[in-house]
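# After the sequence you'll find the predicted model.
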Amino acid sequence: MTTVAPRQRRSRAAPAFVAGYVILLVAFGVVPTVYAIYFAFTDSGGAFAGLGNFADAAADFRFLPAIGHVALYLVCWLAGLVVFVVGLALLLHRLQVRGAGRTLRFLYYLPGALAGAASVMVWLFVLDPAVSPVGFLLRALGYQTFGQVIAPGNLPVLFAAIAFWTGAGGWIVVMYGALNTISPEVLEAARIDGAGAWQTARRIQIPLLRKWIVYMVILAFAGGTQLFVEPQLLSQASVGVAGRDYSPNQLSYDFAFQNDNVNTAAAISVELLVVGLVVAAVFVVRSGFFDAD
Amino acid sequence: MIRSNLVARRRRTATLLAVAALTLAATACGAATSSGGDTKGRFTQAPQSDGPLTVWVDSTRLAAAQLYQKQNPTVKMDIVSYDGDANGSNYLQTKVSLFNRTGNGWPDVVFSSQNNEATWAVTAKFAAPLNKGLVPQSLLDGWAPNANQPCTVDGTVYCLRNDLSQTVLWYNAALMTQWGYQVPSTWEEYEALGKKVATEHPGYLVGAAGDTFTPEIYLWASKCGANHITGPKAVTVNATSPACTRMAALLDSLIAAKSMSTSSVFSSDFDKNEADKILMMPGPSWYGGSLFQGTFKTPKGQIAVAPMPHWADDKNPSVGNVGGGTWLLSAHSAHLKAATAFLTWVTTSDDYQGKVAVGYPAYAAAAKTWLAAQAASGYYANDITAPLQAAAGQVWPDWGYGQFSQEAIWAATVTPGLTAGKTIVSMLPAWQKAISDYARSDGYQVTQ
């Protein structure tokens, strides 16, 4: 009796805990995804349209530029993310001994605690030399007006910086947590063998972090291909000068609400889903993500 | 704000959820109602009921709704302020297409700062036909000639024009006198004075070309056929004709001379660095109240109005137009009587249009009161009545309102190049291509 009761409680509690997530996932994830796939392969009258909507999207004059924009953005964003997140997490891990780690950990996480759109709004002020707290920096770089700052060539870097600022803090804390799982004995052994900070990072810590980095890249890639808030807000703040139909997600939005074409909008959404899944699959397979250690 | 929440959520979730949110937002439940079809000005009234009258206004028109509420305390009103659909934000169309899917939520009366709402609101069956029993023809006849043209589809009026935004030449009379300059009456004189100012008083401006509505001030007035709407879904785009290139060249030469700003008059850097250095400024009728008096806080007794310059060889002077705004009445309204009463009041009453509105009323009788009130305010250095009245009848009719946003297209294709130092003339072909592309994506037949 006494041995069965806890197990029974546990088996009843587990589905209850998971149910909250599963219900929301089905309601706001699975069902709409299926609905989107239905839309993507039908026309406005509901008849099967084959790949017609995908062809319409690909033939649109905004499609290829949007893909190009996001590809460039992803290069900046993913490279910046991996280098800085791993670098800062390693730094944080070393500083832990000196007691500054806790404050820094909090600081890194802070921007991420702001709601997504709100933290992008902050940047609208930061990027305007007339009102920016770092206006002197912008002017030193040769930018006198908001218009010059948001020149088309600057956008991938700006969006990557905004995304890093809003999203990287959480990852730094996660990486830091992962670093803490590395056995002190291993690090101690490396130190005795004469490895410095750099060699320890390169030969011990980063290889052991690999799965975490892959996990981060998969999610950051999926999030990055769906770039929307940053260009959309910048577009509205600059009254359409920058960021209008910049990303495929914005194009999808325009198809749905400007061109009144939900089916093509859904086709673009499905493409983004497929790209995200394929890239995730490649990373998972190549990195041995699910291999047992 | 609902949209930014939605958007924020979407950005922060993983792939599945993101795709989901979009489609959920786009589709929700309920049947789509955009099956097309020809209404020919008739619509089925929704069952009428009591309940609050929902009115959507932008921040400037908030005063109108509040004044109506004050004068009519018995009318239950739910006043919602939104961005007024300004600058191609497309907010109204987005919301209406969602409401069409969910089958409820439409505002009863809505103000839009855009003149092109009829291009989608009619096919979306949102805009109620007004001249088929709701608003008497005798009242509609009181609008300035052609004012409701952007609202008219096949002879049926689907919205009412709030204000005319005919362009004039605003100038600082005090500075003109002090420096001994003559107000230019032709574009040639205007350009010459612009160059003179650049050398004699560097830093002072004769205009600004950095706004999204720059083409509507200058190129429209120059009769540039970049945006000639020839049918409900047909447009002729020719942005490289001499009418376009000579005005673009004028702007380029003054930009090079630095007496033409490339910043938006609403940008923080213009307000900070250039707002007190305006000698002249071609712009719409609402510049006086909204820009000089409201935003720049230019002291009274300085700003004056002259007719918009014209080309010396042009026998029929024409002016441009920047927005003007429209009021739409929802075909789904359950309070048609109250909605029509508000719509009529807000577009025609002296109490609002004549005495409170910042823009030149499109309803002619209210415009008279408005002009008298402007003269009586003592803000302007000269009598603004004659130039504004004349300009109201000179808006070149061959620049139309398509479903695509001219302002957004200019902003995305020309403004970045302008900021980077390219000439407008060199960007006209790209502008023409962009207009054609966007028009086609909205289903327009494009001729060039």
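Nice, thanks for sending it over. A quick note: this is a predicted structure, and the numbers were derived from the prediction, not measured.
# and the gap between residue B:389 and chain A?
Distance from residue B:389 to chain A, counting by C-beta to the nearest C-beta, to the nearest Å: 30 Å. (Glycine included, C-beta is placed from N, CA and C.)
# Distance from the chain centre to the lengthiest helix in chain B, please.
Longest helix of chain B, by residue count under DSSP state H: helix B:424-441. Centroid separation for helix B:424-441 versus its chain: 20 Å, with C-alpha atoms, centre = their mean, to the nearest Å.
# Only the buried residues of the next helix or strand after that helix, if you could.
For helix B:424-441, the following helix or strand on the C-terminal side (DSSP states H and E) is strand B:445-447. By 16 or more other C-beta atoms under 10 Å in any protein chain shown, the buried positions in strand B:445-447 come out as residue B:446.
# hmm, strand B:445-447 touching chain A?
No: if you take C-beta under 8 Å from any C-beta of the partner chain as the test, strand B:445-447 misses chain A, and the best it gets is 12.2 Å.
# Can you tell me the strand partners of that strand and which way each runs?
Using DSSP bridges, strand B:445-447 pairs in its sheet with strand B:234-236 (parallel).
# following the partner strand, which helix or strand shows up next?
Assignment by DSSP H and E places the next element after strand B:234-236 at helix B:242-257.
# and the next element down the chain from that next one?
Helices and strands here follow DSSP H and E; after helix B:242-257, the next one along the chain is strand B:260-261.
# Contacts for whichever helix or strand comes after that following strand, please.
Using DSSP H and E, the helix or strand that follows strand B:260-261 towards the C-terminus is helix B:268-273. For helix B:268-273, contacts defined as C-beta atoms under 8 Å, 6 or more residues apart in numbering or on different chains pick out A:128-131, A:144-146, B:208, B:210, B:261, B:263-264, B:295-296.
# repeat that with 7 Å
A:128, A:129, A:130, A:131, A:145, A:146, B:261, B:263, B:264, B:295 (C-beta atoms under 7 Å, 6 or more residues apart in numbering or on different chains).
# Any idea which residue is closest to the centre of the chain?
All of this is about chain A. The centroid of chain A falls nearest to residue A:220 when counting by C-alpha atoms, centre = their mean (3.2 Å).
# not quite, I wanted chain B
Most central in chain B (C-alpha atoms, centre = their mean) works out to residue B:323, at 1.5 Å.
# Tell me who's in contact with that one.
By C-beta under 7 Å, 6+ apart, the neighbours of residue B:323 are B:113, B:115, B:165.
# how near is it to chain A?
13 Å.
# Please identify the helix or strand for that residue.
Using DSSP H and E, residue B:323 sits within no helix or strand.
# tell me which residues in the stretch of helix or strand residue B:192 belongs to are buried?
Per DSSP H and E: residue B:192 is located in helix B:187-200. Of the residues in helix B:187-200, B:187, B:190, B:191, B:193, B:194, B:197, B:198 count as buried by neighbour count, 16+ other C-beta under 10 Å.
# who in the stretch 51-200 of chain A is up against chain B?
Residues of the stretch 51-200 of chain A lying near chain B by C-beta under 7 Å from any C-beta of the partner chain: A:60-61, A:115-117, A:128-131, A:145-148, A:151-152.
# Buried members of the residues you listed into PyMOL, please.
Buried residues within these, by 16+ other C-beta under 10 Å, are selected in PyMOL with:
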select buried, chain A and resi 60+116+117+128+129+130+145+146+147+148+151+152
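# Give me the lowest-pLDDT entry from the residues of the stretch 51-200 of chain A next to chain B.
Looking at these by pLDDT, the weakest one is residue A:115, with 64.
# re earlier: which of the residues of the stretch 51-200 of chain A next to chain B fall within strands?
Per DSSP state E, strands hold no members of these.
# what mean pLDDT does stretch B:391-402 have?
Stretch B:391-402 shows a mean pLDDT of 90.
# is chain A contacted by it?
No: using C-beta under 7 Å from any C-beta, stretch B:391-402 stays clear of chain A, coming no nearer than 12.0 Å.
# List of residues touching that stretch?
By C-beta under 7 Å, 6+ apart, the list of residues contacting stretch B:391-402 from outside reads B:115-116, B:119, B:144-146, B:150, B:164, B:166-168, B:220, B:223, B:225, B:227-229, B:235, B:307-308, B:317-319, B:321, B:360, B:439, B:444.
# Can you tell me which helices and strands the helix holding residue B:192 packs against?
For helix B:187-200, the helices and strands in contact under the criterion 3 or more C-beta pairs under 7 Å, 6 or more residues apart in numbering or on different chains; DSSP states H and E are helix B:242-257.
# now the angle from the helix it packs on to helix B:187-200?
Interaxial angle, helix B:242-257 versus helix B:187-200 (axes from the mean of the first three to the mean of the last three C-alpha atoms, to 10 degrees): 10 degrees.
# Between helix B:424-441 and helix B:242-257, find me the angle.
130 degrees.
# Give me the helices and strands touching helix B:242-257, please.
Helix B:242-257 makes packing contacts with helix B:187-200, helix B:424-441 when contacts are defined by 3+ C-beta pairs under 7 Å, 6+ apart.
# can you give me how far the shortest one is from the chain middle?
The reference is to helix B:187-200. 29 Å.
# SS state for the residue lying closest to residue B:61 once chain neighbours are set aside?
Closest residue to residue B:61 apart from its sequence neighbours, by C-beta to C-beta, 6 or more residues apart in numbering or on different chains: residue B:111 at 4.6 Å. Under DSSP: H, G, I helix; E, B strand; the rest coil, residue B:111 falls in the strand class.
# shouldn't residue B:111 be in contact with residue B:324?
No: in this structure residue B:111 lies outside contact range of residue B:324 using C-beta atoms under 7 Å: 11.3 Å.
# Looking at the two, which is more packed in?
With neighbours defined as other C-beta atoms under 10 Å in any protein chain shown, residue B:111 and residue B:324 compare such that residue B:111 has more, 28 against 24.
# Right, I'll leave it there.
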